[in-house]
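Enquirer: how does the following fold in three dimensions:
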Amino acid sequence: MPAKKLNSRTSTTKVAKPKAETLPKAKFKTNILKKEKSVAATKKPVKATGVASKPQRTDVFISYSHADKKWLTDMQTHLKPLGRDHGIEIWDDTRLQSGDKWRAEIAKALSKAKVAILLVSPRFMSSAFIATDELPPLLQASEKEGLIILSVVTGRTGAFNGHAISEYQTVNDPTSPLNLMSEGQIDEILSQLYSRVLDIFTKPASRPVPDRIVKTNQANESEVTEKPRTTRLPIKSEKVPLGRTNVKKSATTQHTSNALLVKRTGEWLVAPVSNGSISHEVSLELKLTTVAQRTFVASLRQSDNLAGIVFRSQTYSCKSQDIQMRTIGTKETWHLTASIKPANRSAEITYSSITPDQQAEIRARLLLLDELPTTNQSPFGFMSAITQINGGQSPLPALYQQLNKESVVFKQAAPLILTWFLQTHAVIDNIHKLTLMLKTDRLTVRFEGERNSQYQNEPPLLIKIEGVCDLSKAAPIGPLRLYSINR
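Expert: Numbering: from 1, shown residues only. Purely as a prediction, here's the structure:
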């Protein structure tokens with residue numbers, strides 16, 4: 001067949017569309033309803049609007065006993081600029097007006113608190129309303145919503161120890177309440193409180209900044225990697241004990257222990273240590289938990305005011321020190337580095353028939369057991385010499401009373417302070433054993449210490465003392481004022 005000619009216009013092929021199936025009206029409506037139901041079933045339910053949500057935590061709540069209103073007034077004076085200059089709402093029940101439903105208003109203020117300041121005292125701990133209506137919601141909010149609890153101890157109370165609020169960091173040391181401080185010291189603590197609250201509201205938590213470490217390969221191509229910042233001190237391996245010129249190997253401490261820091265003025269602090277090492281200098285990473293501890297350590301920056309350090313059963317005389325504080329997020333790390341010098345033992349004199357070694361044992365019994373020899377046993381010159389040691393008394397009874405007979409704190413401080421006295425008074429060079437067992441007001445002491453011989457061909461003397469020290473004795477003279485620090 002001859003081929004057909006195409007038209008000049010482009011030809012298109014039309015495809016016939018299939019006719020839609022005609023449905024009856026009733027059946028058509030039924031199908032539409034089914035589709036609507038299936039679509040509705042796949043949609044997620046929309047939350048209803050207008051439901052009341054928890055109020056945001058934006059304020060400061062002060063909890064106190066009305067019997068301690070004096071401390072509230074002092075605190076209001078210090079914290080007032082927070083509201084005036086920074087818009088921070090500070091609430092206490094003095095804002096209640098006549099006719100207010102006071103329970104409802106307090107509950108409302110509790111629900112809006114971002115920071116709770118507790119004025120802890122015996123009156124505070126004995127208040128039934130505080131115990132049942134204020135502390136439970138504050139503790140619950142702290143656990144579940146991040147509310148921050150700041151306790152200011154205004155008066156010593158045994159009920160604080162072991163209570164749930166004692167687990168939170170206090171602004172001042174619980175053993176140094178405001179009612180035992182001078183006016184200037186109180187202002188310092190309340191100023192620290194002001195700064196802490198301001199930081200909570202104005203400084204966002206920052207992430208740790210990674211260290212940048214440059215690695216170079218054999219082709220001299222540099223590769224930059226990142227490593228999380230650490231605060232562990234470098235490991236030192238040598239130790240210079242008091243009064244000795246030889247050097248002993250020493251492992252770095254990597255668990256929490258305590259160190260005694262003593263100023264040249266005689267003030268002292270027992271500081272928790274998370275890491276430490278000793279060589280020609282003492283390097284300590286301090287784990288400071290209270291404002292009083294931070295204030296003490298910060299004051300060492302001002303001058304070379306650090307006389308000595310007791311750490312790991314050794315006393316170190318300090319020439320100079322350097323204090324550094326680093327903040328990563330909400331964590332503070334304090335680093336203390338002190339250059340040290342060995343203490344030279346002063347010349348020792350034999351009094352009558354009492355040799356220097358016998359004198360050392362008598363001094364040890366005085367410091368550990370508060371036993372003083374009679375003048376019939378010792379010549380007058382030696383008696384005059386030993387009465388210069390803390391006024392002829394053991395520091396233990398005075399320390400026990402200064403700490404209000406709190407056994408936990410006493411057990412932390414007593415071994416350190418005894419080490420200070422024993423070594424700064426040239427009684428003992430190295431302590432092998434010091435065990436203290438406290439029962440009521442009686443302290444059982446077991447002690448072994450080594451005293452270096454003055455002559456090279458003689459072995460060191462080992463002094464052993466066991467006995468009981470009566471801590472109930474009146475002790476007007478305490479270790480705070482009578483440290484011998486000029487060695």
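Enquirer: show me where the stretch 351-487 of the chain dips below the pLDDT cut-off.
Expert: Along the stretch 351-487 of the chain, the model assigns pLDDT under 70 to residues 351-352, 374-392, 454-456, 474-487.
Enquirer: which stretches of it form strands?
Expert: In the stretch 351-487 of the chain, the segments counted as strands under DSSP state E, counting those that start in this stretch are 430-439, 442-451, 461-470.
Enquirer: can you give me the strands in the stretch 151-300 of the chain?
Expert: Here the stretch 151-300 of the chain has its strands, by DSSP E, counting those that start in this stretch, at 211-216, 222-227, 238-239, 248-249, 257-263, 268-278, 281-286.
Enquirer: restrict the fifth one to CA atoms and write it as CSV.
Expert: Taking C-alpha atoms only, strand 257-263 is exported to CSV below (Å, rounded to 0.1, in the frame of the first residue of the first chain):
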residue,chain,number,x,y,z
SER,A,257,42.1,13.8,101.6
ASN,A,258,42.7,16.9,103.8
ALA,A,259,45.5,19.4,104.1
LEU,A,260,46.1,22.0,106.9
LEU,A,261,46.9,25.5,105.6
VAL,A,262,48.4,27.8,108.3
LYS,A,263,48.8,31.6,107.9
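Enquirer: pull up the pairing partners for that strand, direction included.
Expert: The strands beside strand 257-263 in its sheet (DSSP bridges) come out as strand 268-278 (antiparallel), strand 306-311 (antiparallel).
Enquirer: so for residue 188, which of these sits nearest?
Expert: Distance to residue 188, taken as CB to CB, is lowest for strand 268-278 among those, at 14.8 Å. For glycine as for every other residue, the C-beta is placed from the backbone atoms N, C-alpha and C.
Enquirer: mind listing what's buried along that closest one?
Expert: Going by neighbour count (16 or more other CB atoms under 10 Å), the buried part of strand 268-278 is 268, 269, 270, 271, 272, 273, 274, 275, 276, 277, 278.
Enquirer: what angle separates that strand from strand 281-286?
Expert: 120 degrees (axes from the mean of the first three to the mean of the last three CA atoms, to 10 degrees).
Enquirer: for residue 142, what are its contacts?
Expert: Counting by CB atoms under 8 Å, 6 or more residues apart in numbering, residue 142 makes contact with 116, 148, 149, 168.
Enquirer: got a winner among those residues for most neighbours?
Expert: residue 116 (25 neighbours; other CB atoms under 10 Å).
Enquirer: put the alpha carbons of the single longest strand found in the chain into PDB.
Expert: Scanning the chain for the strand with the most residues, using DSSP state E, yields strand 314-328. Output of strand 314-328 as PDB, limited to C-alpha atoms (Å, rounded to 0.1, in the frame of the first residue of the first chain):
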ATOM      1  CA  GLN A 314      54.300  15.900 106.900                       C
ATOM      2  CA  THR A 315      54.700  19.600 107.700                       C
ATOM      3  CA  TYR A 316      56.200  21.900 105.000                       C
ATOM      4  CA  SER A 317      57.500  25.400 105.700                       C
ATOM      5  CA  CYS A 318      56.500  27.700 102.800                       C
ATOM      6  CA  LYS A 319      58.600  30.500 101.200                       C
ATOM      7  CA  SER A 320      56.000  31.700  98.700                       C
ATOM      8  CA  GLN A 321      52.800  30.500  97.100                       C
ATOM      9  CA  ASP A 322      50.700  30.900  94.000                       C
ATOM     10  CA  ILE A 323      46.900  30.500  93.900                       C
ATOM     11  CA  GLN A 324      45.000  29.900  90.700                       C
ATOM     12  CA  MET A 325      41.200  29.500  90.300                       C
ATOM     13  CA  ARG A 326      39.600  28.100  87.200                       C
ATOM     14  CA  THR A 327      35.900  27.800  86.400                       C
ATOM     15  CA  ILE A 328      34.500  25.200  84.000                       C
END
